[in-house]
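> Give the three-dimensional model of this entry:
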Amino acid sequence: MLSKVANRKKTDVSNYVSPGQTPDLEIIVPTTCKDYTIPEIYSFLNLLKGKIKVDFIHIVPISLEELCDCVDKNDIHYDKAIAEKRLYSFVKKFPKMDNVTFDYKISNGDAVSSLKEQIDRGNYDMVALEVGEFCHYSNSIFSVMEVISSINIPVVLFGDKKFNPKISYGESNAEVMVQ
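So this is what the prediction gives:
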C-alpha cells in the first residue's frame, strides 16, 4: 500500500527527505464537527512529525427530499452553507500547532463515495478516521471497511472508547510502535 503512495506522488523518496527529516503529509479527516473529537484529533496530530496539512471534510448527506425534482436547488445550497459555517467554527476551535495547517471542504452525498471522490481528486498521503464518529456518520462499521478497501492510500483509525460508549471496541492489548 505504501508503494502505491510513493508511485502516486511520483517522487524519489531519497531526494524528497533529507536525513533526520520527515516528509510533509497531507491528511484528509472526515468529520461531523463534534467538539468531543477535537482532543482525539489533536492527540493524533501530535504523534506526527514534519509539516502537516489537514483537510477536514464534512459530507452533507443526501436526504430523500433532495432526490425529488420538486426540491429547490437553493435548499441544497442552504444546507451546504450551514455545513460550511459549522465546519469553519469547528476548525477554529483547534489549538494552534506550529507544524500543522488546517483547511476544510464541504461535499454532499453518501459518506463513503464522497470521501473516495475527494481522495481521488486530492493529493493525500493518508485518511485519518476517528472511529466512533465515522461509524456513526456512515451508519456502520461496514462503511469503514468499505473505505479501507476502496482507496489506495493508508487509512489510520484512532479514537477513544470513552467518547462513544455505544460502539463495542472489544479488548485490545495492542501497542503503537514508533521507529
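
> Spell out the secondary structure type for residue 44.
Secondary structure assignment for residue 44 (DSSP: H, G, I helix; E, B strand; the rest coil): helix.

> surely it meets residue 131?
No: Residue 44 lies out of contact with residue 131 (CB atoms under 8 Å); the separation is 11.3 Å. C-betas here are computed from N, CA, C, even on glycine.

> which residues are in contact with both of these two?
Counting by CB atoms under 8 Å, 6 or more residues apart in numbering, the common neighbours of residue 44 and residue 131 are residue 158.

> residue boundaries of the strands in this structure?
Secondary structure of the chain (DSSP state E): strands located at 25-30, 52-60, 100-108, 126-130, 155-158.

> Which stretch among those strands is buried most, on average?
Comparing those by mean neighbour count (mean count of other CB atoms under 10 Å), strand 126-130 ranks first with a mean of 23.

> so that strand versus strand 52-60, what angle?
Strand 126-130 and strand 52-60 meet at an angle of 60 degrees, taking axes from the mean of the first three to the mean of the last three CA atoms, to 10 degrees as the criterion.

> now strand 126-130 against strand 25-30, angle please.
On the basis of the same axes, to 10 degrees, strand 126-130 is oriented at 40 degrees to strand 25-30.
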